[in-house]
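K.L.:
Sequence isn't available, so here's the structure alone:
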Ligand SMILES: NC(=O)c1ccc[n+]([C@@H]2O[C@H](COP(=O)([O-])OP(=O)(O)OC[C@H]3O[C@@H](n4cnc5c(N)ncnc54)[C@H](OP(=O)(O)O)[C@@H]3O)[C@@H](O)[C@H]2O)c1
């Protein structure tokens, strides 16, 4: 099995993506960094090249431009001399109760977190099938294990991503293409910094180090942190709706 270390990472301009880029570069990975904020990516790329002497490419990418997601995979492969993995990490968390006049937020959340992620994963998977090896990684969330009040579209987007990865894993068994599904709890990033409550919060450096380890060992599925989120993720689907309504 090939364990090459040339990866395309979406959502690399901030939060988990930027910290993960540092972790992976320190482990000898070559990276194509993708996001909309190109300036952030160039700064990060310069830092990684200087600190870790790795190959780093920068790709300006809006994952809601699905044709551009296809192109990004080819561009990353050209820039890095091949592609061994894709990490679908880009995401947004726009909240809004159902029926509260926030349909546009819901649409954008689904377009970014689910369809955008699938556009990237699908394009990479096509390349991996062709070359006979590869690694698909998706950053979903504990929120995808049960629809959470106030954040219905976010939960729906992550539930969809979890389903997609489960199906892809079954399809790709025996094809030398690995899948890694990551289910973070709360990691301290701009995505959630204005939330009133962030239980079991961990630093972005710690979260990225754990995620990088799972990517490096090609773990099939992991909560981040394992404890207590693995337990919470398993219990969530069985909680009575009356309890969920109190969240
Ligand atoms: N932080 C947590 O506690 C937590 C928990 C569970 C899951 N997650 C997931 O982890 C992932 C990273 O989130 P984060 O916490 O690191 O948040 P963040 O700091 O806000 O970073 C989000 C990243 O996604 C990128 N992005 C957003 N929309 C995009 C678009 N349309 N096209 C391309 N890139 C886009 C942003 O880049 P640009 O704005 O430059 O495009 C940014 O790099 C998300 O999928 C999130 O759902 C986070």
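P.N.:
Yep, it's here. Computed from a predicted structure; not experimentally measured. Numbers count the residues shown, from 1 in each chain.

K.L.:
Give me every residue in the protein lying close to the ligand.
P.N.:
Residues of the chain lying close to the ligand by Cβ under 6 Å from any ligand atom are 10-17, 35-37, 61-64, 89-93, 112-113, 139, 141, 184, 186-187, 189-192. The C-beta positions use only the backbone N, C-alpha and C, and glycine is treated the same way.

K.L.:
Going through those residues, which ones are buried?
P.N.:
Buried by 16 or more other Cβ atoms under 10 Å: 10-17, 35, 61, 63-64, 89-93, 112-113, 139, 141, 184, 186-187, 189, 191, out of the residues of the chain next to the ligand.

K.L.:
In helices, which of the residues of the chain next to the ligand appear?
P.N.:
Judged by DSSP state H, the residues of the chain next to the ligand include 15-17 as members of helices.

K.L.:
What ranges does this protein have for its helices?
P.N.:
15-26, 38-52, 66-80, 103-109, 117-131, 152-172, 204-216, 229-235, 241-244.

K.L.:
Just put those helices in CSV and tack on mean pLDDT.
P.N.:
Formatted as CSV, the helices of the chain follow (pLDDT from 0 to 100):
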stretch, mean pLDDT
helix 15-26, 98
helix 38-52, 98
helix 66-80, 98
helix 103-109, 95
helix 117-131, 98
helix 152-172, 97
helix 204-216, 98
helix 229-235, 96
helix 241-244, 86
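
K.L.:
Deepest-packed of those helices, please.
P.N.:
Among the helices of the chain, ranked by average contacts under mean count of other Cβ atoms under 10 Å, first place goes to helix 15-26 (a mean of 23).

K.L.:
contacting residues around that one?
P.N.:
For helix 15-26, contacts defined as Cβ atoms under 8 Å, 6 or more residues apart in numbering pick out 5, 7, 9-12, 31, 33, 35, 40, 44, 47-48, 51-52, 54, 56, 87, 89-90, 139, 184, 187, 189-191, 204-205, 207-209, 211-212, 215-216.
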